[in-house]
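K.L.:
output the structure for:
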Amino acid sequence: CDWSSDVCSSDLSRAGDGMARFVSEEKAPGTQTPPHQCMTSTLLFRDKLSFGGTERMQTYTTQMDAARKGIFTPEMAKVAEKEHLEPKKLMALMAEGKVIIPCNKVHTCIEPNGLGSMLKTKINVNLGTSRDLTDLNMELEKVNHAVEMGAEAIMDLSSFGDTQKFRRKLTHECPAMIGTVPIYDAVVYYHKALGKITAREWIDIVRMHAEDGVDFMTIHCGINKETAKKFKRNRRLMNIVSRGGSIIFAWMEMTGEENPFFQYFDEILDICREYDVTLSLGDACRPGCLQDATDASQIEELITLGELTKRAWEKDVQIMIEGPGHMPLNQIAANMEIQKTLCHGAPFYVLGPIVTDIAPGYDHITSAIGGTVAAMNGASFLCYVTPAEHLRLPDVDDVKEGIIAARIAAHAADIAKGVPHAMDWDNEMAVARKKLDWNAMFDLAIDPEKARRYRESSRPEKEDTCSMCGNFCAVKNMNRILDGEIVSIFDE
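P.N.:
This is a model prediction of the structure:
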């Protein structure tokens, strides 16, 4: 199930064949496709493992459950190898909830990845249709680029059309971790007034996403009646900027009922345990501007999320915590420590943080700055931000820019926090630069196409230099003088 293979990519990129059928089959808002015929009916893992030369059948529900039972799963084996981590160490961290491997039992073509502050920092790419832009061709092109460019996760935030068809295509063909926000889909699925959606209907959507193979879900369960009262007493400059948070807050205000994701949290845990879905506890009260950062609403919600984390762990459900959006640079490290303390070391998933509010069109940069500081201080998972943030739905080029910025932030943070072998890539680039091996430099570049394009756009007189330095090239001249050769700047 290689998303980049000819079989999958041709199906996704051909405008006149499979892709055209995919688009033409889109149904009217509020309609969904029937359950997938290949859906698994047996929801207990059974792996044949070998210990000391003897094979035995092991049964478990979630990756956390397996770790607590001392079962080293195939997913753990892949993560341990990638992270250069001893199996026992990985299992111990997973048993404590400090490392997670989001992998729904239905998503069988997933390439497993671990999330935890002591592992390599991973990145997520948000995409999906909206009412104004419903082009599935473009969204699937974004998926292809995200996978090709090394994103470990994709969140489908679609809010229009037959969202289930797109979601199932992802979980049946894409190797990245797939995440969703069920609260968005509920509004699309039921296609009725917000205040008319019942508590039962909100929870049913969670089950539907689990059955569809989603690996992690953002659930806005931290804002309840009590935290909503405190929010109204401590008004903000930007109020609530989370889409899911604003929807559930409005629903609570209109109906007078408790947040169903909070009230029926144990039922949600049962669903997640059944399918091994990781809960990403959403930050409805994340700050939407620097002025609102680290305020009472944000911290109050984080306290609630910490309490819910413990309840999830009691049922062997994997958890991560979502974190702040906009935040002054000097507050980021402290916020990471607060989260680790209040949420007991559960992996932290951050949007940005965006470190200044004045850069629309460049928020992939403001986010990469904040993301680097967050990850080097404990964040495990960075949600990319594109240049289109706050302005429009991102196009394919925006997605590429956002992915590159997030990957740079993640890699820089991994070096800073001492992840094993994180700097090997940089050392290989340094060797290639010392040798003036341009092809090797291009191959090692985080964006090879752009590096090649820049060099081709301004060819130097001599191939062993670039058009900026020419014969003034320090690398070339030092190589020569240390090899006993003459260095001449103007006579060559």
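K.L.:
surely Phe442 is in a strand?
P.N.:
No: secondary structure of Phe442, determined by DSSP: H, G, I helix; E, B strand; the rest coil: helix, with no strand assignment.
K.L.:
now for it: which residues touch it?
P.N.:
If you count contacts by Cβ atoms under 8 Å, 6 or more residues apart in numbering, Phe442 has them with Pro448, Ala451, Arg452, Arg455. Where you see a C-beta, it was placed from the backbone N, CA and C, and this is true even at glycine.
K.L.:
just send those back as CSV, with secondary structure, distance to Arg68 and neighbour count too.
P.N.:
Output for those, formatted as CSV (DSSP: H, G, I helix; E, B strand; the rest coil; distance: Cβ to Cβ, whole Å; neighbours: other Cβ atoms under 10 Å):
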residue, secondary structure, distance to Arg68, neighbour count
Pro448, helix, 43, 13
Ala451, helix, 46, 16
Arg452, helix, 49, 16
Arg455, helix, 53, 15
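K.L.:
what are the bridge partners for Ile219, then?
P.N.:
In this structure, Ile219 has beta-bridge partners Leu281, where bridges are defined by DSSP bridges.
K.L.:
so it touches Thr180, yeah?
P.N.:
No: with contact defined as Cβ atoms under 8 Å, Ile219 and Thr180 do not form a contacting pair (10.2 Å).
K.L.:
among the two, which residue is more densely surrounded?
P.N.:
Set side by side, Ile219 and Thr180 show unequal neighbour counts under other Cβ atoms under 10 Å, the larger going to Thr180 at 30 against 26.
K.L.:
can you pull the contacts of that one?
P.N.:
For Thr180, the set of contacting residues under the criterion of Cβ under 8 Å, 6+ apart consists of Met155, Asp156, Leu157, Arg167, His209, Val214, Met217, Thr218.
K.L.:
if I look at the fifth one, how far off is Tyr189?
P.N.:
Taking Cβ to Cβ, to the nearest Å as the measure, His209 and Tyr189 are separated by 10 Å.
K.L.:
do the same with the second one
P.N.:
When distances are taken as Cβ to Cβ, Asp156 and Tyr189 turn out to be 14 Å apart.
K.L.:
what do the two both touch?
P.N.:
With contacts taken as Cβ under 8 Å, 6+ apart, Asp156 and Tyr189 have Thr163 as neighbours in common.
K.L.:
of these two, who's got more company?
P.N.:
Legend: neighbour count by other Cβ under 10 Å for Asp156 and Tyr189, higher for Asp156 (26 against 21).
K.L.:
touching, that one and Arg168? I think so.
P.N.:
No: with contact taken as Cβ under 8 Å, Asp156 and Arg168 are classed as non-touching, separated by 10.3 Å.
K.L.:
the stretch 301-450 of the chain: strands as residue ranges?
P.N.:
Listed in chain order, the strands of the stretch 301-450 of the chain (DSSP state E, counting those that start in this stretch) span residues 319-323, 348-351, 381-383.
K.L.:
packing partners for the second one?
P.N.:
Packing contacts for strand 348-351, counted by 3 or more Cβ pairs under 8 Å, 6 or more residues apart in numbering; DSSP states H and E, involve strand 319-323, helix 329-342, helix 363-376, strand 381-383.
K.L.:
what about the nearest residue to Glu253 once chain neighbours are set aside, neighbour count?
P.N.:
Beyond its immediate neighbours in the sequence, the residue positioned closest to Glu253 (Cβ to Cβ, 6 or more residues apart in numbering) is Ala228, lying 7.7 Å away. Ala228: 20 surrounding residues under other Cβ under 10 Å.
K.L.:
pLDDT at Ala228, what is it?
P.N.:
At Ala228, the model reports a pLDDT of 94.
K.L.:
ok, it - contacts?
P.N.:
Ala228 sits next to Phe249, Met252, Glu253 when contact means Cβ under 8 Å, 6+ apart.
K.L.:
dump those residues to JSON lines, plus distance to Pro287.
P.N.:
As requested, the contacts of Ala228 are exported to JSON lines (distance: Cβ to Cβ, whole Å):
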{"residue": "Phe249", "distance to Pro287": "15"}
{"residue": "Met252", "distance to Pro287": "20"}
{"residue": "Glu253", "distance to Pro287": "21"}
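K.L.:
now intersect those with the helices, please.
P.N.:
Cross-referencing the contacts of Ala228 with the helices (criterion: DSSP state H) gives Phe249, Met252, Glu253 as the overlap.
K.L.:
surely Leu279 touches Asp215?
P.N.:
No: the pair formed by Leu279 and Asp215 falls short of the contact definition of Cβ under 8 Å, at 10.9 Å.
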